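Asker: Return atomic coordinates for the entry below.
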Amino acid sequence: MSAPDLQTLLTELQRRLAEAHAGGGEKRQAKLRDQGKMTARERVAGLLDPGKPSLEIGALAAAGMYEEHGGAPSAGVVVVLGYIRGRQCLVVANDPTVKAGAWFPMTGKKNLRAQEIALENRLPILYLVDSAGVYLPLQDEIFPDKEHFGRIFRNNAQLSSLGVPQLAAIMGSCVAGGAYLPIMSDEALIVEGTGSIFLAGSYLVKAAIGEDIDNETLGGAHTHSAISGVVDYTVPNDAAALQRLRDLVDKMGERPKAGWDRVEALSPARSQEDFLARVPSDGKPYKMRELLEGIIDSNSWLEYKADYGKTLLTGYARIDGWAVGVVANERQVVKSGKGEMQIGGVIYSDSADKAARFIANCNQKKIPLVFFQDVTGFMVGSRSEHGGIIKDGAKMVNAVANSVVPKFTVIVGNSYGAGNYAMCGKAYDPRLIVAWPTAKLAVMGGEQAAKVLLQIEKSRTDQAANPEAEKALYDKIRSRYDAQTTPYYAAARLWVDAVIDPADTRLWLSMGLEMSNNAPLERAYNPGVLQV
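Answerer: From the prediction side, this is the model:
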């Protein structure tokens, strides 16, 4: 079966995004509006500056997960990076059409990712709260651990101590432990009639202490603005809440910047049409240099060690005027009995050595790093082992791990094994990490993995004695493995922040660089002990 072309891949991406954006469906959205509420995405749109660009993070989170519980599109929460009164902010909005905004395990992970972005980039974060609290059937997967629900409130406190502004609007239910999130924010407002906040609702209060009380009296707008003093502002409806938040952001003072270099932007050398025609769909060969020419500013490329370690491209460039250091895998053309063919992104000792040195230079010069991944891993075999590939690979991984300038990652094609780590995969703290629809993430390629797993299965079953049964077993293993390598499988689990149209890569990187400029460096680059 031939590989799909880019337009087919983009059509599939749009279909999946449309499913996620539908949330709990039209009926639940209509019910929400009957209550005088906006949907989660309507609230976000009403809060952000009209006409300004925005980026949705984790739109495909939890896709294909929790199906036995009815599903959780976008993990029941919308996270968007955008502008409010001209200031870049992060917005987190519960989607009450998805199980009344209840928290699934992936909801917690997505909220923690949003707070991580705010922490790393000193970015104001606004919470639009409308949630029934933890989804009880899965409470054991979200309640007690370090990266579970309670970490949210720890992060509230950490953000506050670092001076990162947090604003919250209580626009619906805010129950139990979830009540702490808005009240641990710097300022909180509540919507009359629809907003409520309490540690235990009226039914639980009745069961626990025998008190008869309605929810509005227990924890409605009047109670918490006039009696308890828990909230700071009361507003009549959703639209007024959004306007109040915009007015509060408008009064925020300027903060120190990191000082990344930026000049007037130039358009890329390649047109968007030409660039997209070179994206590696259909299994066709491509050149990473030509892809970069459709993303970076024209005439900005300054290559570092161009004639050394040629399976990695390293160089200085600009993206929308921002100075960056680029580390990108380059495919090799090799000759075999079947003619010439491309092999993707093998990292050799010389390439790893070059990258480690370049990363150190970027840290020395305060230049953010951008990684473009199409990597199958480090080179193996006796020649590489005797040449010290483990040592040189460790040097590159060390440089990436200890880098103090912001890192951004775009997964163009393969992202396999230790190559994912060395090229700044999710475990290495990229400020943003996105994948194209052409991406694949796994320990190794599907064919190689299927052959290894087949050998294991053959040792355990008699099926493999029959060639037809062996092929059926191989196809079953290959199909399962391939399904787990897709960018959508990764996005559902937040291994990447988004699957994006390659045409949007420049926007994601530019807004990400602007975001990172809010956080001055707090320490110098120190790579630690290296095997030189």
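Asker: next one: phi and psi at residue 432?
Answerer: phi -140, psi 140 (degrees, to the nearest 10).
Asker: Show me the helices in the stretch 401-532 of the chain, by range?
Answerer: With DSSP state H, counting those that start in this stretch, the ranges of helices along the stretch 401-532 of the chain come out as 417-422, 446-458, 467-483, 487-492, 505-516.
Asker: who wins for proximity to residue 118 among those helices?
Answerer: The minimum distance between residue 118 and the helices of the stretch 401-532 of the chain falls on helix 505-516, with 9.6 Å, by CB to CB. For glycine as for every other residue, the C-beta is placed from the backbone atoms N, C-alpha and C.
Asker: How far does that closest one sit from its chain's centre?
Answerer: Relative to the centre of its chain, helix 505-516 is centred 13 Å away, using CA atoms, centre = their mean, to the nearest Å.
Asker: Adding mean pLDDT, write the helices of the stretch 401-532 of the chain out as TSV.
Answerer: TSV is the format used below for these (pLDDT from 0 to 100):
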stretch	mean pLDDT
helix 417-422	92
helix 446-458	69
helix 467-483	77
helix 487-492	97
helix 505-516	98
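Asker: Which one of the ones you listed lies nearest to residue 123?
Answerer: The minimum distance between residue 123 and the helices of the stretch 401-532 of the chain falls on helix 505-516, with 6.0 Å, by CB to CB.
Asker: if we can go back for a sec, and the helices of the stretch 401-532 of the chain: which comes nearest residue 24?
Answerer: helix 487-492 (17.5 Å).
Asker: Tell me where the model's unsure across this protein.
Answerer: For the chain, residues meeting the criterion pLDDT under 70 lie at 1-2, 333-344, 386-388, 445-447, 449-450, 453, 457-465, 531-532.
Asker: Need the helices of the stretch 401-532 of the chain in a markdown table (columns: mean neighbour count and distance to residue 407).
Answerer: A markdown table is the format used below for the helices of the stretch 401-532 of the chain (neighbours: other CB atoms under 10 Å; distance: least, CB to CB, whole Å):
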| stretch | mean neighbour count | distance to residue 407 |
| --- | --- | --- |
| helix 417-422 | 22 | 12 |
| helix 446-458 | 16 | 28 |
| helix 467-483 | 14 | 29 |
| helix 487-492 | 22 | 18 |
| helix 505-516 | 21 | 9 |
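Asker: In CSV, list these along with distance to residue 403.
Answerer: Below are the helices of the stretch 401-532 of the chain laid out as CSV (distance: least, CB to CB, whole Å):
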stretch, distance to residue 403
helix 417-422, 12
helix 446-458, 30
helix 467-483, 32
helix 487-492, 23
helix 505-516, 12
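Asker: Can you say which of those is nearest to residue 195?
Answerer: For residue 195, the closest of the helices of the stretch 401-532 of the chain is helix 505-516, at 29.7 Å, according to CB to CB.
Asker: who's in contact with the closest one?
Answerer: Helix 505-516 has contacts (CB atoms under 8 Å, 6 or more residues apart in numbering) with 53, 55, 81, 88, 117, 120-121, 123, 258, 260, 268, 295, 319-320, 322, 324, 368, 370, 406, 408, 410, 431-432, 434, 436, 498, 500.
Asker: Quick one, which of those residues are buried?
Answerer: Buried members of the contacts of helix 505-516, counted by 16 or more other CB atoms under 10 Å: 55, 81, 88, 117, 120-121, 123, 258, 260, 268, 295, 319-320, 322, 324, 368, 370, 406, 408, 410, 431-432, 434, 436, 498, 500.
Asker: Residue 527: neighbouring residues, count only.
Answerer: As a burial measure, residue 527 scores 16 neighbours (other CB atoms under 10 Å).
Asker: What count of nearby residues applies to the closest residue in space to it that isn't next to it in sequence?
Answerer: Setting aside the residues directly before and after it, residue 527 is nearest to residue 402 in space (CB to CB, 6 or more residues apart in numbering), at 5.0 Å. Residues near residue 402, counting by other CB under 10 Å, number 17.
Asker: and the gap between residue 402 and residue 116?
Answerer: Using CB to CB, to the nearest Å, residue 402 is found at 19 Å from residue 116.
Asker: What are the buried residues along stretch 82-94?
Answerer: 82-84, 87-94.
Asker: now the nearest residue to residue 3 once chain neighbours are set aside, what's its secondary structure?
Answerer: Closest residue to residue 3 apart from its sequence neighbours, by CB to CB, 6+ apart: residue 283 at 4.2 Å. In three-state terms, and counting by DSSP: H, G, I helix; E, B strand; the rest coil, residue 283 is coil.
Asker: hang on, isn't residue 283 packed against residue 4?
Answerer: No - the criterion here is CB atoms under 8 Å, and residue 283 misses it with residue 4 at 9.6 Å.
Asker: Looking only at neighbour counts, state which of these two leads.
Answerer: residue 4 (16 against 10).
Asker: Backbone dihedrals for residue 302, please?
Answerer: Residue 302 adopts backbone torsions of phi -130, psi 100, taken as degrees, to the nearest 10.
Asker: burial measure for it, as a count.
Answerer: Look at residue 302: counted by other CB under 10 Å, it has 12 neighbours.
Asker: any idea how far the closest residue to residue 52 other than its chain neighbours is from residue 265?
Answerer: Nearest residue to residue 52, sequence neighbours excluded (CB to CB, 6+ apart): residue 83, at 4.4 Å. Counting by CB to CB, the separation of residue 83 from residue 265 is 17 Å.
Asker: how near is residue 156 to residue 306?
Answerer: Distance from residue 156 to residue 306, by CB to CB: 48 Å.
Asker: So what's the gap between whichever strand or helix holds residue 119 and the chain middle?
Answerer: Assigned by DSSP states H and E, residue 119 falls within helix 105-121. Distance of helix 105-121 from the chain centroid (CA atoms, centre = their mean) equals 9 Å.
Asker: From the contact counts, what lies against that helix?
Answerer: strand 55-57, strand 77-84, strand 87-94, strand 125-131, helix 151-161, helix 505-516 (3 or more CB pairs under 8 Å, 6 or more residues apart in numbering; DSSP states H and E).
Asker: now these in TSV, with distance to residue 190?
Answerer: Formatted as TSV, the helices and strands packed on helix 105-121 follow (distance: least, CB to CB, whole Å):
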stretch	distance to residue 190
strand 55-57	26
strand 77-84	19
strand 87-94	15
strand 125-131	9
helix 151-161	17
helix 505-516	29
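Asker: Of all the ones you listed, which one is nearest residue 230?
Answerer: Residue 230 sits nearest to strand 125-131 of all the helices and strands packed on helix 105-121, at 12.9 Å, using CB to CB.
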